[in-house]
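Undergrad: got a predicted structure plus its sequence, pasted below:
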Amino acid sequence: MYLLPVAINRPMRTHLDYQIDPVQMARIRRGMRVRVPLGRREVLGIALDGARPAQAQDRHRYKPVHAVLDDAPLLGEELMDSLQWSADYYHHPIGEVIAAALPGALRQGAPRREEAPQWLYLSEEGAAMTEAAMRRAPAQAACIARLREGPAPWAEVDRRAARALIDKGLCRPGPAPDIDAPRPDTGSAIALTPEQQAVCDALPRAGFSVSLLQGVTGSGKTEIYLAQAAADLRAGKQVLLLVPEIGLTPQLLARARERLGGRVISYHSGMTDAARLAAWRRIDRGEALLVVGTRSAVWLPFTALGRVWVDEEHDASFKQQDGFRYSARDVAVVRARAFDAPVGLGSATPALESLHNARQRRYRHFRLEARAQNAPGAQVHVVDARGQRLRGGLTAELARAIQSHVAEGGQVLLFINRRGYAPALLCRDCGWSATCRACDARMTWHKQHGSLLCHHCGARQAVPTQCPSCGASELRPAGHGTERIEEALQAMLPQARIARADSDVMQRAGAWQALRDQVLRGDVDILVGTQMLAKGHDFPGISLVGIVSVDQALFSADIRATERMGQLVTQVAGRAGRGSRAGTVLLQTHVPDHPLLRRLLDQGYDAFADALLEERATNALPPAYPLALLRAESADATAATAFLEAAAQLLRAQGAEAIGPLPAPMMRRAGRTRAQLWVQNPSRAALQQALAASCAAIERLPEARRVRWGVDVDPADTL
Ligand code: ADP
Ligand code: ZN
Ligand code: ZN
């Protein structure tokens, strides 16, 4: 007997060993699925390397493997290596890491390949068969004769004969050929501008490297991705294009399909299990496809990855924010390196990490300056809100500008980073405000739903008709969300056609597409929305963009809030003036002289990013100074802190700086008390080493049993 290490989808930092007999041992390889007992249940696990002969006493200590599900590794060498790298780098249990990489159906034991392959192809050996040689097997001869005409759907041939031929290697199953889809080289092409062409020519064709492609929105980055993808697909390669959110960019998929025909597939969490499995299998079979996908697409079982693009690479959604906290952008770089393939990171507003890497010459840096369609860029003007009377959250200046743009037939986009009606409901008499019972947070009033909603835990309450504290009958909203601004604008401009875009109205499938069409048709005068509007949309009719406030970000406890504000303002400004006329951007603020805001508005995103990089370095923060958080939360008030205190000692003993425990900026969320430990070391290698050396011991701490905890390497926020 042998002992086989198996990774199981449970929050355990170690694998479990199972007994396996010599016959199974002979065919087991890393990356195959096995069924094993766990407690009273049977679960699916993945075989790892490192099987060893069992000792006599092991026979009673270890349970047996019940079944081996695969004949060949479901997860190949490269993918298993990348998963192990991720488990090590993010200090997350390997079983959960692997589970993140598998479509649900495969986690439940679905076969790797379709049970009945859809199409049959003649192999070279099959083509060489003579009729004489096949005389004894007429059904098989007929099947081969049919396949000489071209691949056939499974249903068209004799099933038994086909199986026999597959076993003899005379034909092979495969996916449906792209018959009516245009080949990549005949798909409609667009002539690149000289600037785009120059970048295309300069981008590495092969070999691992990372290139940062910085260009304002509309400068034609997407056309470069697609032009490169066409060349890669023609060479038989697979291409991955990671995007932050697919629901908001259906036009990107449509454009890709227009250029590359049937070679484009998507992969994201909005797809059904069956559709995800089908996409996974096509990549697994090695089809040369362009995958346009969100975060989880980075784990597809590529066999011939030729290039990776990450669009809007600065976007926070590439970092998973709970559980296995990986960055899809960074994992994409790791996988591309394994395939010796080039990576391109595209953004108008690169993340500080990426700019830092470019300044250190680890990444190449390309720029696209001109807008592809020569549309004029937008200018940003500050509207000073100090001492002004606001109506509906708007200064008179901003309101007048909206009015005049609408009167002249322009479209206005008004950006407010808060959904709902008002972020707080107050009693003017006693100062009471509606707070969440489970979080340290105010409830947001959603007037349309007639309820109070906590944006942090989802708790809902009825709106009280009088103050629960003093009984006063008048409760007043404080602050402005999208609903309230929409209402105020409607009162100011009764004729205007106003639409709202936030996650409340965009929940229905197709809602975004419908709204987008409405805006493009010119049926909307004013579009009020949240940050979801900042992402890659193309509304040529927008002549004015109003940003209602950025002040919150400038004073946030999150170390990245300012960076995100700068990206948002730059991206939102990119929405204006995409058509023929120059756009105006008005940014309303109570701190018009804030040095970082001035820097952004007067000198642009790059100078702003430089200032931030300097500030981060001075304060020993990322990217120059790596950071990991140990996050913990517990039902009782002190367990998280007690746990982090014990963990801090272990980490310090391994040479890491451990700052804290600090209460999280929102200390209580969803009924749990949260705290964090900042773990640092100027050397990333030393930081990693300290975490690696401590994690197992941290897991064994008695204090760990009373908390939920996890490591967050390169955190996307410190909230
Ligand atoms: P980005 O990805 O940088 O935001 P896009 O690639 O989406 O820019 O280009 C913006 C717009 O310009 C799109 O409508 C696109 O079709 C158009 N465009 C881009 N490159 C060209 C080109 N070479 N010729 C004509 N139109 C182009
Ligand atoms: Zn009161
Ligand atoms: Zn709450």
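TA: Cool, the structure landed. Numbering: from 1, shown residues only. Ligands and ions are numbered 1, 2, ... in the order given.
Undergrad: now do the host helix or strand of residue 5: distance to the chain's middle.
TA: Following DSSP states H and E, the helix or strand that holds residue 5 is strand 2-8. Centroid separation for strand 2-8 versus its chain: 31 Å, with Cα atoms, centre = their mean, to the nearest Å.
Undergrad: same check on stretch 675-684?
TA: That offset, for stretch 675-684, works out to 24 Å (Cα atoms, centre = their mean).
Undergrad: could you do stretch 203-213 as well?
TA: 22 Å.
Undergrad: ok now the helix or strand hosting residue 223, how far from the chain's centre?
TA: Using DSSP H and E, residue 223 sits in helix 221-234. Its chain's C-alpha centre lies 21 Å from the corresponding centre of helix 221-234 when counted by Cα atoms, centre = their mean.
Undergrad: what comes up buried for it?
TA: Using 16 or more other Cβ atoms under 10 Å as the test for burial, helix 221-234 gives 221-233. C-betas here are computed from N, CA, C, even on glycine.
Undergrad: ok, stretch 16-31 next?
TA: So, applying 16+ other Cβ under 10 Å, buried residues of stretch 16-31: 16-20, 24-25, 28, 30-31.
Undergrad: and the furthest pair within those?
TA: 19 and 31 (19.9 Å; Cβ to Cβ).
Undergrad: closest residue of the stretch 101-250 of the chain to ligand 3?
TA: residue 245 (24.3 Å; Cβ to the ion).
Undergrad: which residues sit against the helix or strand harbouring residue 399?
TA: Residue 399 belongs to helix 396-407 when assigned by DSSP H and E. Helix 396-407 has contacts (Cβ atoms under 8 Å, 6 or more residues apart in numbering) with 383, 388-389, 391-392, 394, 411-412, 414, 489, 492-493, 496, 525-526, 543-544, 546, 548, 584, 586, 588.
Undergrad: in PyMOL, select just the buried ones from these.
TA: Those of these that count as buried under 16+ other Cβ under 10 Å are selected in PyMOL with:
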select buried, resi 383+392+394+411+412+414+489+493+496+525+526+543+544+546+548+584+586+588
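Undergrad: for stretch 97-115, what is the average pLDDT?
TA: Taken as a whole, stretch 97-115 has a mean pLDDT of 90.
Undergrad: from the buried residues of helix 221-234, which two are the most distant?
TA: The farthest-apart pair in the buried residues of helix 221-234, when distances are taken by Cβ to Cβ, is 221 and 233, at 18.6 Å.
Undergrad: adjacent strands (with direction) for the helix or strand of the chain with the lowest mean pLDDT?
TA: Averaged element by element with mean pLDDT, DSSP states H and E, the chain has its least confident helix or strand at strand 152-153 (a mean of 76). Within its sheet, strand 152-153 is paired with strand 119-122 (antiparallel), according to DSSP bridges.
Undergrad: which residues sit against the strand it pairs with?
TA: 143-144, 147-148, 151-154, 157, 162, 165-166, 170-177.
Undergrad: which of those residues are buried?
TA: 143-144, 147, 151-152, 157, 162, 165-166, 170-173, 175.
Undergrad: sort out for me which of these are in helices.
TA: Residues of these located in helices (DSSP state H): 143-144, 147, 162, 165-166.
Undergrad: checking my notes, residue 610 in a helix, right?
TA: Yes: assessed by DSSP: H, G, I helix; E, B strand; the rest coil, residue 610 belongs to a helix.
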